[in-house]
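In: Here's a sequence, model it:
(chains A and B)
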Amino acid sequence: DAGVTQSPTHLIKTRGQHVTLRCSPISGHKSVSWYQQVLGQGPQFIFQYYEKEERGRGNFPDRFSARQFPNYSSELNVNALLLGDSALYLCASSLAGTGYNEQFFGPGTRLTVL
Amino acid sequence: AQSVTQLDSHVSVSEGTPVLLSCNYSSSYSPSLFWYVQHPNKGLQLLLKYTSAATLVKGINGFEAEFKKSETSFHLTKPSAHMSDAAEYFCVVTPDYGGATNKLIFGTGTLLAVQP
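Out: Next comes the predicted model:
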């Protein structure tokens, strides 16, 4: 079975641009969460979606937004990119949206902002 | 607010010797704690989790961790390190286990090096 997949693998953007990152959860999983991992730090929670509704939001500016589609895949959008947005963006999926369910992480998208 | 602290950013051991990675937590109530491992260019993988059942938790690949409320600790151990254990390890707490969200709060990570 395929695990969590993310695209693209790597991305280079310049300041002020917009970026869209994509995530496909494990088949049957209905919850998707996004994390930002800056070099040398642990991942930071950005969003959680379950059944296409936002379940949680971390301490990130409004430039960050996300959505979940009927097939449970998800997009993370970041507007007006800043140098500090350079990071590894991780997507995690789980069967349901509660903490009881193990989360499975994808390999991430490495975003570099120049 | 809940948090976890990993004081050691780097730990180096020799193959075949014990591994000890430290983690201390801060929580206003009984937390749910996890250890995740991140190998280079691979996704995070759950090693083990504590959810208020047995205080000694066994995970995959021979790792285990003991929840000590009196010390607010959840240290990760393994009796004998293998070269394949070289990776970054994260101690994690969830503020809402059993609730409506599955938000995870990660520590800063410990990079484990295993010397031959």
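
In: low-confidence ranges in the chain?
Out: Here I'm looking at chain A. Counting by pLDDT under 70, chain A contains low-confidence ranges at A:1, A:99-100.

In: hmm, I had chain B in mind actually
Out: Applying pLDDT under 70 to chain B flags residues B:96-100.

In: One more pass at 80, please.
Out: Low-confidence segments of chain B, defined by pLDDT under 80: B:1, B:27-30, B:41-42, B:52-53, B:95-102.

In: For it, just list every one of the helices.
Out: Secondary structure of chain B (DSSP state H): no helices present.

In: residues from chain B in reach of chain A?
Out: By C-beta under 8 Å from any C-beta of the partner chain, the part of chain B that sits against chain A consists of B:32, B:36, B:41-46, B:49, B:90, B:92, B:94, B:96-109. Any C-beta I mention is one placed from the backbone N, CA and C, and that applies to glycine too.

In: Tell me who's in contact with residue B:80.
Out: Shown in contact with residue B:80 (C-beta atoms under 8 Å, 6 or more residues apart in numbering or on different chains): B:16, B:17, B:18, B:62.

In: Quick check: the two most widely separated of the residues you listed?
Out: Farthest pair in these (C-beta to C-beta) is B:17 and B:62. Separation: 13.3 Å.

In: what about residue 78, neighbour count?
Out: I went with chain A, as the question did not name one. For residue A:78, the count of nearby residues is 24 (other C-beta atoms under 10 Å in any protein chain shown).

In: You answered for a different chain; I wanted chain B.
Out: Here the number of neighbours of residue B:78 (other C-beta under 10 Å) works out to 21.

In: Show me what the residue nearest to the spatial centre of chain A is bridged to.
Out: Centrality entry for chain A: nearest residue to the mean C-alpha point is residue A:34, 3.1 Å, by C-alpha atoms, centre = their mean. With DSSP bridges applied, residue A:34 shows beta-bridge pairing to residue A:47, residue A:91.

In: From chain A, how far out is residue B:24?
Out: Distance, residue B:24 to chain A, using C-beta to the nearest C-beta, to the nearest Å: 14 Å.

In: ok now do the closest residue to residue B:7 other than its chain neighbours, which residues does it touch?
Out: Once flanking residues are discounted, residue B:7 sits nearest to residue B:22: 5.9 Å by C-beta to C-beta, 6 or more residues apart in numbering or on different chains. Residue B:22 is in contact with B:6, B:7, B:8, B:73, B:75, B:110, counting by C-beta under 8 Å, 6+ apart.

In: Got a PyMOL select line for the buried ones in the residues you listed?
Out: Typed into PyMOL, the line below selects the buried ones among the contacts of residue B:22, using 16 or more other C-beta atoms under 10 Å in any protein chain shown:
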select buried, chain B and resi 6+73+75+110
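
In: hang on, the earlier thing: ok, of the contacts of residue B:80, which one's closest to residue A:53?
Out: Distance to residue A:53 across the contacts of residue B:80 (C-beta to C-beta) is lowest for residue B:62, with 40.0 Å.

In: Nothing else from me, thank you.
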